[in-house]
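Participant: I would like to see how this sequence folds:
(2 chains)
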Protein chains: 2
Amino acid sequence: MTRERLVVVGGDAAGLSAAAQARRLRPADDLEIVVLEQGPDVSYSACGIPYWIGGQVSDRDALLARTVPQFEADGITVHTHLRAEGIDLDAGEVLAADGRRFGYDSLVVATGGRPARPRVPGLDAEGVHGVHRLADGADIRAAIAAGARRAVVLGGGYIGLEMAEVLQARGLAVTVVLADPLPMAQLDDDMGERVCAAMCGMGIDVQPGQPVREIEVDADGVARAVRTDAGSHDADLVVLGLGMGPESALAREAGLQIGVTGGVDVAHTQRSRSHPEVFAAGDCAQTFHRITGEAIHVALGTHANKQGRVAGSVIGGRPARFAGVLGTAATKVGDLEVARTGLCTTQAEEAGYDHRSETIEATTRAGYYPGAAPVTIKLITERGSGLLIGAQVVGGPGSAKRIDVLATTIWAGMTAEELAGSDLSYAPPFSPTYDPVVVAARVASRIETG
Amino acid sequence: MTRERLVVVGGDAAGLSAAAQARRLRPADDLEIVVLEQGPDVSYSACGIPYWIGGQVSDRDALLARTVPQFEADGITVHTHLRAEGIDLDAGEVLAADGRRFGYDSLVVATGGRPARPRVPGLDAEGVHGVHRLADGADIRAAIAAGARRAVVLGGGYIGLEMAEVLQARGLAVTVVLADPLPMAQLDDDMGERVCAAMCGMGIDVQPGQPVREIEVDADGVARAVRTDAGSHDADLVVLGLGMGPESALAREAGLQIGVTGGVDVAHTQRSRSHPEVFAAGDCAQTFHRITGEAIHVALGTHANKQGRVAGSVIGGRPARFAGVLGTAATKVGDLEVARTGLCTTQAEEAGYDHRSETIEATTRAGYYPGAAPVTIKLITERGSGLLIGAQVVGGPGSAKRIDVLATTIWAGMTAEELAGSDLSYAPPFSPTYDPVVVAARVASRIETG
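Facilitator: Residues are numbered from 1 along each chain as shown, chains lettered A, B, ... in the order given. Model prediction:
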């Protein structure tokens, strides 16, 4: 038996899921597995960083899902602090920063994402932070401990909302500066308005429609304000929450085919479309929308894990394919939970769907049960077929996870009418007699059926 | 236009859903609607009664979804305190207790359920209470106010668990006497054991495997103890939580066809199979299982509402049919949430399914996020097809409603593998990166795919 070698570049969700799955299917005497990670940590939860900053998570190490010794125990060699500087696709080698060359039979590129950075003066100043690596979390914690009192968060997506919440909880005055007219651009405007109102109600200073022009710095070169066309917003701390693009420079420079989204262009098996011995997975890869089939880029840990697993399965000899994304996501700001799946109205229009939408108001529990909170659900259906193609949920505690029923409905290709007739659970502590998703589905289907 | 008359017998979920839906589709000058309700209240939430007893709901009227004047405003005549004593199917008339006869063109029988009562001496004694009507709730509240300190709950189903919780919360010492070896007979034993352990951990005295032999009464005829073969359990208050059968005596005596379950035998349109001008809906009617097609009886407000709505639609001239039940249900006892859907192992065996089951342990939120609680999920899949046919969930706060994703998966006819690949939401406050239902689906599908 010739022992083969799998090299993985990137030691977080996608890369290590690939490594672990390949190892499950092929023992160490059949497949050597080597992981190169440029940073100090592997397998950490980037999504948990806001809550470490906020103090909900007290121990940094709690964000580490698995450690290097745990991988080594499975016969997976992990090199931390070792950056991959190049890939020689012809030779089948990864070139490491220390000069070593790692030959591979299979390669998984899992270089992750890169926080979007507006090209404005001062963005590299001290006091401007991403929320991407554990070191970012440590820096922001240190800034708060050093007395930061005013924070400006750039962007109102998931990270922006979560950072606004946790920084306010830590006692800082928080301003959220948006280029868009509303936070949560992945929602329709009427739903985004609810999020905006809730943020303002919490005392977060939302400044919409203001692209950043400059980060103003003091004499020491430290960020002191965020300037927009509407004025200057003082800041002891500036946080980037502008979304995440694919970190695909290594792949691009090596000559791997890059897709229209800037991510590595891969088939459903996560194989590179140009070099089948190379796989890409997670935030660095392009993927496809389950409904439209269109190429998209979504930076989320769930997909990274699953795509890594698919790559690992294929490398391990078991057929597998990634089944696409609906863009399902959830977040919260204070007590307001926000979730979405499928196509929003703008996306449905762009994709050429003849669609309609319905919005309902309900409560998370029986109206008389303590803790019942308002919840608003918007459904988008295809006219004619009645198929559910999108859903958005905004409401109090217990709202967000209801998106999963709607995501499953879309995934299964069910109509709103079928969902309205389905058998969901009911007890007063958990829902009204008709669950809000059923109420929404019924209203949506009533219009279809006349 | 000849004005027709719809008579509805029973003024709770099923009857009034039928009335309201028929009214939406046919105006008052086309269809007269008359509802006969034997009790004082209409449209009340029986499921909320335990929480009124427990004090989570302080106002009895909060349990009333709609009032008589609200129905009257829609042109629906409601007679409370008026019992239907007979149905003359040949003449098309309902005979009321006050001697009036209500002729009908369409009739909806919605006489509800009847708490199961073991045939033992003393069951009719003072101090023995059902949890069925608002008056039952008032009686139990009065008994507590009068100083009841020891409660014995007969039965460990949904009502039994909820009553145990709320009576303990009101300061009573609670004993739950079970004929079965475990509470929650709708769960597999391994899951029922978890419920039993949690109840015992709360200080609830669970007495399994003890069919009730007698309710012992004092010289005044008041219940004082529940006697089983194992001994006598003192009680100031005895609560019946033994489930609910169909209250179909009126229909049976009239000559309507009754099904094998004792409920009125109806087609998917909720029409009586023997008398198509008569409909039955809710707890008095027989229904069918979505997976097996078998006739079953399930007493739940969700089905009552939907079946009533189907009957009202058909009477209103719009085709509709009830789509079956999965037996989805949820409840809680203390902080432990319990939910199930589809077939349990016993049911799968009885229905002739070649099946297997898998059980996983996970957490409700990211492990590092505050409030993350253990959750156990058991999935039952059909061998060969990999179709999900049943699921059970037991865990901390946030567990129960996850059953809805599993119910939707079954409803859609999806495999565990398809669920494992689906796009569910993730954020640390709401779930681990892989939601527990996805973890369970993946483990279940791994076995199918080898």
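Participant: so the residue of the stretch 51-200 of chain A found nearest chain B versus A:Trp52, what's the distance?
Facilitator: With Cβ to the nearest Cβ as the measure, A:Ala62 is the residue of the stretch 51-200 of chain A nearest to chain B, at 3.7 Å. C-beta coordinates here come from the backbone N, C-alpha and C atoms, glycine included. For A:Ala62, the distance to A:Trp52 equals 8 Å [Cβ to Cβ, to the nearest Å].
Participant: and A:Asp283, what is it in contact with?
Facilitator: With contact set as Cβ atoms under 8 Å, 6 or more residues apart in numbering or on different chains, A:Asp283 has these partners: A:14, A:112-113, A:244, A:246-247, A:263, A:299-300, A:304.
Participant: check the most centrally placed residue in chain A and give its pLDDT.
Facilitator: Centroid check for chain A by Cα atoms, centre = their mean gives A:Leu300 as the closest residue, at 2.9 Å. pLDDT recorded at A:Leu300 is 91.
Participant: what's it sitting at in phi/psi?
Facilitator: Main-chain torsions, A:Leu300, degrees, to the nearest 10: phi -150, psi 140.
Participant: so it touches B:Ser425, yeah?
Facilitator: No. With contact defined as Cβ atoms under 8 Å, A:Leu300 does not count as touching B:Ser425 (9.5 Å).
Participant: give me the common contacts of those two.
Facilitator: A:Ala329.
Participant: domain ranges for chain A?
Facilitator: Domains of chain A are assigned by automatic domain parsing as A:4-114+A:245-316, A:128-242, A:337-449.
Participant: the strands in the stretch 201-350 of chain A, which residues?
Facilitator: Secondary structure of the stretch 201-350 of chain A by DSSP state E, counting those that start in this stretch: the strands cover A:205-207, A:212-217, A:223-228, A:231-234, A:237-240, A:244-246, A:278-280, A:287-288, A:295-296, A:329-333, A:336-342.
Participant: using a markdown table, lay out those strands together with mean pLDDT, distance to chain B and mean neighbour count.
Facilitator: As requested, those are arranged in a markdown table below (pLDDT from 0 to 100; distance: least, Cβ to the nearest Cβ, whole Å; neighbours: other Cβ atoms under 10 Å in any protein chain shown):
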| stretch | mean pLDDT | distance to chain B | mean neighbour count |
| --- | --- | --- | --- |
| strand A:205-207 | 98 | 21 | 17 |
| strand A:212-217 | 97 | 26 | 19 |
| strand A:223-228 | 98 | 26 | 21 |
| strand A:231-234 | 97 | 27 | 14 |
| strand A:237-240 | 97 | 17 | 26 |
| strand A:244-246 | 95 | 15 | 22 |
| strand A:278-280 | 98 | 17 | 31 |
| strand A:287-288 | 98 | 11 | 22 |
| strand A:295-296 | 96 | 12 | 16 |
| strand A:329-333 | 96 | 4 | 24 |
| strand A:336-342 | 98 | 5 | 27 |
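Participant: which one of those strands lies closest to A:Val375?
Facilitator: strand A:336-342 (8.3 Å; Cβ to Cβ).
Participant: can you pull out the low-pLDDT segments for the stretch 1-150 of chain A?
Facilitator: Within the stretch 1-150 of chain A, the stretches with pLDDT under 70 are A:1.
Participant: what about 90?
Facilitator: A:1-2, A:44, A:65, A:118 (pLDDT under 90).
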